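Novice: predicted model, plus sequence, below.
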Amino acid sequence: MALSTHQQNGHHRQQQAAPVHQHHPEALMPLRALPDRGVGEQLSYELITSELLLDGQARLNLATFVTTWMPSLAGRLMDETADKNIIDKDEYPQTAEIEARCVNILADLWHADSAEQATGCSTTGSSEAAMLCGLALKWRWRERMRAAGRPTDRPNLVTGINVQVCWEKFMRYWDVEPRLVPMEGERFHLSAEEAVARCDENTIGVVGVLGSTFDGSYEPVAEIAAALDELQSRTGLNVPLHVDAASGGFVAPFLQPDLEWDFRLRRVQSINASGHKYGLVYPGVGWAIWRDQAALPRDLIFDVNYLGGHMPTFALNFSRPGSEVIAQYFMFSSLGREGYRRVMGNAQDVALKLSAGIEEMGPYRLLTRGDELPVFAFTLRPEVTNYTVFDVSDHLRQRGWLVPAYTFPADREDLSVLRIVVRAGMTLDMADALLAHLREETEMLESLDGPLPHSKRAGLQAFRH
Ligand SMILES: Cc1ncc(COP(=O)(O)O)c(C=O)c1O
């Protein structure tokens, strides 16, 4: 539950001491109201760490794209810099310099033309970056329409229905009509043809995703760019392309360096990525980069002077920790290109091993194999009727593995899948253990002589990551 509701009852009012060796009467305290007297640092630490034992094991969480392992020195550096507020650029000029270096590193990695002066910033994650890049698209479209004397009240954005929820938020929060291309047959993401078919003079842009949250596949960004070029030469409509490279922005440059999805394509105006996914940093850091100054309208940028000096800012938040950005630079400088290539290559080896092992088991059909992002989705063959992917997910959970099961969106709501996200920190030995556990659980489920009874549950149909 992302939103919390105010709750007070007898049970919540008092908490017993956590399992420490002696009884601590002082540890009886209200849970949902500020205690009159605190329990002190030591006991508070014990209570909280004991309670958090009930959380899943982050390293066994194969649902999330977000980093769950960093070298211990990175953790130390983050501790040491947790007190720096990234917005205080005048007070922490070196942190600001490090952020600027990261922007440059990414612009270079994504083939920005140095003559074009790419510009960018850090964010809390790809969601905030998507809001900023979406706003830039909306502002530019409005300027174009005003200049042409056309109405500016009906902007729309074209994406595949597989876009992450951040784009749906962007469209709802900023009054942009969603033009979501449904899935069809074995096409689980946007195609160039379907994207162009939905563009008109009110289209602020098209979003291509590298790689899709649902199955790890890359959308055909170069084909979408070419189709938009062709649309422009045919009709004069100039529709910009944004790439949501939340995960792929840190994978493709190392594993598929020849794949053209970035600023090499002139149509691509902006790119977002999550530093806290394959950028290899703990949450939350993301990045937004625009191809040139023209792609980022000036009046979205505020100039604040109350921190000392004049500071241009384009962000939804104001204060946020500087430590994540510093940790991003730590990962860039400690790993370099070769190190990122190695980490991504290892993740891909593990993903390919897992997907091949799962395919061999018999009841499963792979939708993707993990050869784009090291992420793959698989479903049960139609002849399996005694159990569902949701049962498989439950059984794996009993063995400690968090593998989500969920239903695809329109027009493939009939398809339920499991998805595995392989991240740095998942070793080949862990993959062997997962395969062994999945094999055992699958054999058990296969031995059922009738369908498993199911409670009426909502399932994880709206599951998003
Ligand atoms: C393609 C895509 N875009 C955006 C996001 C949102 O990213 P963040 O969690 O960094 O806000 C995700 C998260 O999984 C994603 O997969």
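Specialist: Structure received.

Novice: would you list every one of the helices in this structure?
Specialist: 10-13, 41-52, 72-80, 93-109, 126-147, 165-173, 192-197, 221-235, 252-255, 323-360, 389-398, 428-446 (DSSP state H).

Novice: pull out the buried positions in the longest one.
Specialist: Burial within helix 323-360, assessed by neighbour count using 16 or more other Cβ atoms under 10 Å, is assigned to 323-332, 335, 340, 343-344, 346-348, 350-355, 357-358. All C-beta spots, glycine's among them, are computed from the backbone N, C-alpha and C.

Novice: what does the last one give?
Specialist: Across helix 428-446, burial judged by 16+ other Cβ under 10 Å covers 430-431, 434-435, 437-438, 441-442, 445.

Novice: of those, closest to Phe314?
Specialist: Nearest to Phe314 among those is Met430, at 40.3 Å by Cβ to Cβ.

Novice: how much space separates the closest one from the ligand?
Specialist: For Met430, the distance to the ligand (Cβ to the nearest ligand atom, to the nearest Å) stands at 21 Å.

Novice: Gln57 versus that residue, what's the distance?
Specialist: Met430 is 11 Å from Gln57, where distance means Cβ to Cβ, to the nearest Å.

Novice: got JSON lines for the helices of the chain, with distance to Gly120 and mean pLDDT too?
Specialist: As requested, those are arranged in JSON lines below (distance: least, Cβ to Cβ, whole Å; pLDDT from 0 to 100):
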{"stretch": "helix 10-13", "distance to Gly120": "45", "mean pLDDT": "53"}
{"stretch": "helix 41-52", "distance to Gly120": "35", "mean pLDDT": "94"}
{"stretch": "helix 72-80", "distance to Gly120": "22", "mean pLDDT": "98"}
{"stretch": "helix 93-109", "distance to Gly120": "4", "mean pLDDT": "95"}
{"stretch": "helix 126-147", "distance to Gly120": "9", "mean pLDDT": "98"}
{"stretch": "helix 165-173", "distance to Gly120": "17", "mean pLDDT": "98"}
{"stretch": "helix 192-197", "distance to Gly120": "25", "mean pLDDT": "98"}
{"stretch": "helix 221-235", "distance to Gly120": "18", "mean pLDDT": "98"}
{"stretch": "helix 252-255", "distance to Gly120": "16", "mean pLDDT": "98"}
{"stretch": "helix 323-360", "distance to Gly120": "12", "mean pLDDT": "98"}
{"stretch": "helix 389-398", "distance to Gly120": "38", "mean pLDDT": "97"}
{"stretch": "helix 428-446", "distance to Gly120": "35", "mean pLDDT": "97"}
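
Novice: closest one to Leu366 among the ones you listed?
Specialist: Set against Leu366 and scored by Cβ to Cβ, the helices of the chain come closest in helix 323-360, at 5.3 Å.

Novice: report the angle between that closest one and helix 428-446.
Specialist: For helix 323-360 against helix 428-446, the angle by axes from the mean of the first three to the mean of the last three Cα atoms, to 10 degrees is 50 degrees.

Novice: tell me the two of the buried residues of helix 428-446 that are most distant?
Specialist: Met430 and Leu445 (22.1 Å).

Novice: rewinding a little: so which of the helices of the chain gets nearest Ala315?
Specialist: Minimum separation from Ala315 across the helices of the chain (Cβ to Cβ) falls at helix 126-147, 7.2 Å.

Novice: how about that closest one against the ligand, any contact?
Specialist: Yes: against the ligand, helix 126-147 shows contacts by Cβ under 6 Å from any ligand atom at 126-127.

Novice: that helix to helix 165-173, inter-axis angle?
Specialist: With the same axes, to 10 degrees defining the directions, helix 126-147 sits at 40 degrees from helix 165-173.

Novice: report all helices and strands that helix 126-147 contacts.
Specialist: Helices and strands touching helix 126-147, by 3 or more Cβ pairs under 8 Å, 6 or more residues apart in numbering; DSSP states H and E, are strand 119-123, helix 165-173, strand 203-209, strand 241-244, strand 268-274, strand 286-290.

Novice: now with 6 Å, please.
Specialist: helix 165-173, strand 203-209, strand 268-274, strand 286-290 (3 or more Cβ pairs under 6 Å, 6 or more residues apart in numbering; DSSP states H and E).

Novice: show me what the first one is packed up against.
Specialist: So the one you mean is helix 165-173. The contact analysis (3+ Cβ pairs under 6 Å, 6+ apart) places helix 165-173 against helix 126-147.

Novice: which residues sit against the helix it packs on?
Specialist: 123, 152, 155, 166-167, 170, 204-205, 242, 246, 270, 272, 274, 286, 288, 296-297, 300, 316 (Cβ atoms under 6 Å, 6 or more residues apart in numbering).

Novice: quick check: PyMOL command selecting the buried ones in those.
Specialist: In PyMOL, a selection of the buried entries from these looks like this (16+ other Cβ under 10 Å):
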select buried, resi 123+155+166+167+170+204+205+242+246+270+272+274+286+288+296+297
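
Novice: list the buried residues for stretch 58-68?
Specialist: Buried residues in stretch 58-68, counted by 16+ other Cβ under 10 Å: 60-68.

Novice: again but with stretch 358-369, I slipped
Specialist: Neighbour-count burial for stretch 358-369, counted by 16+ other Cβ under 10 Å, picks out 358, 363-364, 366-369.

Novice: quick revisit: mind putting the helices and strands packed on helix 126-147 into CSV with distance to the ligand?
Specialist: Shown next, in CSV, are these (distance: least, Cβ to the nearest ligand atom, whole Å):
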stretch, distance to the ligand
helix 165-173, 5
strand 203-209, 5
strand 268-274, 4
strand 286-290, 5
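
Novice: export the ones you listed to JSON lines and tack on distance to Ser50?
Specialist: Putting those into JSON lines (distance: least, Cβ to Cβ, whole Å) gives the following:
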{"stretch": "helix 165-173", "distance to Ser50": "33"}
{"stretch": "strand 203-209", "distance to Ser50": "40"}
{"stretch": "strand 268-274", "distance to Ser50": "31"}
{"stretch": "strand 286-290", "distance to Ser50": "33"}
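
Novice: among these, which is nearest Thr95?
Specialist: If we rank the helices and strands packed on helix 126-147 by Cβ to Cβ, the stretch that ends up nearest is strand 286-290, at 15.4 Å.

Novice: which strands and helices sit next to the closest one?
Specialist: Based on contacts counted as 3+ Cβ pairs under 6 Å, 6+ apart, the elements that strand 286-290 packs against are helix 93-109, strand 119-123, helix 126-147, strand 268-274.
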